[in-house]
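[1] coords please:
(one chain, ligands or ions: 3)
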Amino acid sequence: SPLIEVRGLTASVKETGQQILAGVDLTIREGEIHAIMGKNGSGKSTLTKVLVGHPHYEVTGGTILFKGEDLVGMEPEERSLAGLFMSFQAPIEIPGVSNFDFLLMAVNARREKSGLPALGPLEFYSVVSPKVDALKMDPKFLDRNVNEGFSGGERKRNEILQLSVIGADLALLDEIDSGLDVDALEDVANAVNGLLTPKNSVLMITHYQRLLDLIKPSYVHIMESGKIIKTGDSSIATQINEGGFKSIALV
Ligand code: ADP
Ligand code: MG
Ligand code: MG
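    Ligands and ions are numbered 1, 2, ... in the order given. As a prediction, this is how the structure comes out:
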């Protein structure tokens, strides 16, 4: 059965009622990597935000089933505990909470849900420390407040650290390649690839072939005007890079 099944999803900006998603259909099975490409403003970020239950948007029609459960009625926190992870295109700062404490709380919330005993700080340090090393992050990073004063690249690495510590059945990665230099992109891609198992899946949004060369998608979708208008294999991405979106035949 599919991990997530989106059918005819429509959604609007809550405050103004402006429709952004105009009937999205998308199915992701366990172990698959999907990429969404599309022009600026086509609704890619809105789709991922709606999937995680961002409060600025209202679902006005269609369905989202995650592991067979209806996501639409669930709070963002419940969706996260159910195994959905999202990296934000512009991650938020959490003043007064260190990265270490944030990650420990997130991990223990999930352990509690699975009936496992909470990890103490020392135990957790031995879990998180190798992951910090793998992402070539300074260990001092853990003592800093979440995202406070982070450079763009540090934020991206930190999001992938969160993903690798917390884990996810479906990770939604919105432009994790933006603002990363080639080396940083490789570290981040290696970390994502290291998390992939036959059970979990990734949906990534990108404008760039270089990310898709590092994290190889099973499917590439093109989004336009709030809909997925074409789905194919990674050759679509190559075509877009060479000839732009106009080079894609939409039938
Ligand atoms: P993409 O990620 O594909 O660049 P977005 O999903 O960010 O596109 O945005 C799609 C369209 O919806 C854009 O025209 C954007 O301005 C509009 N939009 C998204 N969120 C809001 C919002 N909260 N308020 C007003 N307009 C929005
Ligand atoms: Mg955008
Ligand atoms: Mg976007």
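[2] List the buried residues for the helix or strand harbouring residue 212?
    Assigned by DSSP states H and E, residue 212 falls within helix 209-214. By 16 or more other Cβ atoms under 10 Å, the buried positions in helix 209-214 come out as 211-212. Heads up, the C-betas are built off the backbone N, CA and C, glycines and all.
[3] after it comes which helix or strand?
    strand 219-224.
[4] what does the next helix or strand after that following strand contact?
    The helix or strand immediately downstream of strand 219-224 is strand 227-232, counting by DSSP H and E. Here strand 227-232 makes contact (Cβ atoms under 8 Å, 6 or more residues apart in numbering) with 21-26, 36, 43, 219-223, 236, 248, 250.
[5] make it 7 Å
    22-26, 219-222, 248, 250 (Cβ atoms under 7 Å, 6 or more residues apart in numbering).
[6] Stretch 165-182 now?
    In contact with stretch 165-182 (Cβ under 7 Å, 6+ apart) are residues 3-4, 28, 45, 48, 51-52, 83-89, 103, 106-107, 110, 128, 131, 152-153, 156, 159-160, 163, 185, 188, 200-206, 208, 210-211.
[7] Of the residues you listed, which are in range of ligand 3?
    Taking Cβ under 5 Å from the ion as the test, ligand 3 is in contact with residue 45 out of the contacts of stretch 165-182.
[8] just the helices in the stretch 151-251 of the chain please.
    Taking DSSP state H, counting those that start in this stretch to define them, one finds helices in the stretch 151-251 of the chain at 152-166, 182-195, 209-214, 235-243.
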